[in-house]
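Chemist: predicted coordinates and the sequence they were generated for:
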Amino acid sequence: MQFSEKRNLTRWIIIMASFVIVIMILWNTYSFFQIFKNEERVKMQLWAQSLKTINNANLDTDIELPRQIMENNTTIPIILTENNKIISHNNIDESDTSSPARLQQFLEKLKKQNEPIAIQYESGKLKYLLYYGDSSLLNKLKYYPIALLLIIFLFGAVVYNFYRSTKMATQNKLWAGMAKETAHQIGTPLSSLIGWLEIMKADNVDETTIKEIEKDINRLQTITDRFSKIGSEPVLEPMNIINETEKSFDYLRSRFSKQVEFSFKAPKKPIMVSLNPALHSWTIENLVKNAIDAMKGKGKLSVVIVNDSFFVKIMVTDTGNGIPKSQFKRVFEPGFTTKKRGWGLGLSLTKRIVEEYHKGKIKVAHSEVGRGTTMQVSFKKA
């Protein structure tokens with residue numbers, strides 16, 4: 001038997017054992033409840049018999065024992081009626097005896113809990129009806145299974161969250177390790193490309209071609225830098241967010257189809273924000289690429305930077321398919337995608353970069369199905 005099959009079998013055995021244990025606890029609790037309920041019935045029958053003995057007693061009758069039996073009932077609520085009229089009650093909260101109407105309501109409650117006990121004269125004529133309810137101990141026992149199941153559920157939730165957190169931490173370490181290894185592997189051919197670029201410069205290759213190749217090599221260096229930062233705390237420094245955003249925007253604009261109409265709008269004055277340039281460019285790249293994918297490579301895409309009192313907002317708007325309101329939060333979940341191809345990690349990664357690394361906020365500011373979407377990223381100004 002393979003390891004995974006053994007693990008699944010063990011998991012099912014634990015689940016079934018837990019289920020059996022819960023059933024046994026519930027059954028035992030129910031059995032105890034019935035036993036205590038029958039004992040309280042016997043106590044109330046003795047109480048009724050004691051009342052009958054006292055009422056039928058003469059001067060020679062010893063009523064000490066019946067009196068003690070009646071006085072020893074300090075937990076079971078009772079109401080005594082004569083001809084459907086309440087003549088006495090005991091062990092009932094003051095709130096339920098504050099008025100005749102409240103007491104009558106409590107009587108109706110007792111009628112649903114237990115069958116009344118009839119108390120008769122010696123002549124056989126019906127005299128009283130004794131109504132009684134469940135004692136506080138019986139009520140606690142009644143709700144004990146619910147409390148126990150809640151504790152088991154909470155314990156299971158804690159164990160599940162611990163297991164899930166441990167698994168996610170392990171996966172994060174694995175992905176971080178793979179990202180760093182990817183950065184390391186890219187570094188070798190990248191160094192070679194830089195060398196070839198220098199040779200091309202020495203051979204007087206067309207300057208325009210060299211500049212474009214140089215841009216792509218710089219881009220590869222940026223990507224390598226991004227991957228090398230995964231799993232480690234990035235260094236943030238005060239930077240002009242307008243310049244950093246515009247650099248990434250201009251690079252992307254030059255490499256996408258002319259069928260996409262790009263526009264960029266921002267204040268003229270610099271806005272300083274604590275940023276990591278490599279990770280911020282990744283944020284802009286993910287948002288722009290996601291917008292172009294939503295438009296299927298054709299439409300209008302605008303990036304607008306808004307300067308508020310304490311925050312700076314970057315608005316990325318497209319004329320794509322739009323997002324239903326029910327999916328506004330789901331688009332940031334790992335693996336969620338509406339595309340036939342892709343892993344659904346772009347916006348999830350963007351959210352992590354913005355909120356965990358830069359302490360900012362990202363959300364779907366506005367979207368209409370068939371009209372387009374506006375994504376908003378907010379940063380606190382330095």
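Modeler: That came through, no problem.

Chemist: ok, which stretches of the stretch 1-150 of the chain are helices?
Modeler: Using DSSP state H, counting those that start in this stretch, the helices found in the stretch 1-150 of the chain span residues 3-56, 64-71, 100-113, 136-202.

Chemist: which stretch among those comes nearest residue 297?
Modeler: Comparing the helices of the stretch 1-150 of the chain against residue 297 with CB to CB, the closest turns out to be helix 136-202 (26.7 Å). The C-beta positions use only the backbone N, C-alpha and C, and glycine is treated the same way.

Chemist: helix 136-202 and the helix or strand just after the closest one, what's the angle between them?
Modeler: Next helix or strand after helix 136-202 toward the C-terminus (DSSP states H and E): helix 207-229. On the basis of axes from the mean of the first three to the mean of the last three CA atoms, to 10 degrees, helix 207-229 is oriented at 150 degrees to helix 136-202.

Chemist: for helix 207-229, what is the average pLDDT?
Modeler: Average pLDDT, helix 207-229: 77.

Chemist: quick one on the thing from earlier: could you tell me the least trusted of the helices of the stretch 1-150 of the chain?
Modeler: helix 136-202 (a mean of 75).

Chemist: what angle separates it from helix 3-56?
Modeler: Using the same axes, to 10 degrees: helix 136-202 against helix 3-56 is 160 degrees.

Chemist: same for helix 136-202, what does it pack against?
Modeler: Packing partners of helix 136-202 (3 or more CB pairs under 8 Å, 6 or more residues apart in numbering; DSSP states H and E): helix 3-56, helix 207-229.

Chemist: send me stretch 50-70 as PDB with only the CA atoms.
Modeler: Only the C-alpha atoms of stretch 50-70 are listed here, as PDB (Å, rounded to 0.1, in the frame of the first residue of the first chain):
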ATOM      1  CA  SER A  50     -46.800  13.800  51.300                       C
ATOM      2  CA  LEU A  51     -49.200  16.700  50.600                       C
ATOM      3  CA  LYS A  52     -52.100  14.200  50.500                       C
ATOM      4  CA  THR A  53     -51.000  12.700  53.800                       C
ATOM      5  CA  ILE A  54     -50.800  16.100  55.500                       C
ATOM      6  CA  ASN A  55     -54.200  17.100  54.200                       C
ATOM      7  CA  ASN A  56     -55.800  13.900  55.400                       C
ATOM      8  CA  ALA A  57     -54.000  13.900  58.700                       C
ATOM      9  CA  ASN A  58     -55.700  14.100  62.100                       C
ATOM     10  CA  LEU A  59     -54.400  15.100  65.500                       C
ATOM     11  CA  ASP A  60     -52.800  11.600  66.000                       C
ATOM     12  CA  THR A  61     -51.000  11.500  62.700                       C
ATOM     13  CA  ASP A  62     -47.200  12.100  62.600                       C
ATOM     14  CA  ILE A  63     -46.600  14.500  59.700                       C
ATOM     15  CA  GLU A  64     -42.900  15.200  60.300                       C
ATOM     16  CA  LEU A  65     -41.600  12.900  57.500                       C
ATOM     17  CA  PRO A  66     -44.100  14.200  54.900                       C
ATOM     18  CA  ARG A  67     -43.300  17.800  55.900                       C
ATOM     19  CA  GLN A  68     -39.500  17.100  55.500                       C
ATOM     20  CA  ILE A  69     -40.100  15.500  52.100                       C
ATOM     21  CA  MET A  70     -41.900  18.600  50.900                       C
END
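
Chemist: circling back to that earlier point, of all the helices and strands packed on helix 136-202, which lies closest to residue 90?
Modeler: Across the helices and strands packed on helix 136-202, closest to residue 90 is helix 3-56 (CB to CB), at 9.7 Å.

Chemist: the closest one: how far from the chain's middle?
Modeler: 34 Å (CA atoms, centre = their mean, to the nearest Å).

Chemist: any idea of the angle that helix forms with helix 100-113?
Modeler: With the same axes, to 10 degrees applied, the angle from helix 3-56 to helix 100-113 works out at 120 degrees.

Chemist: please identify the most buried of the helices and strands packed on helix 136-202.
Modeler: Comparing these by mean neighbour count (mean count of other CB atoms under 10 Å), helix 207-229 comes out on top with a mean of 15.
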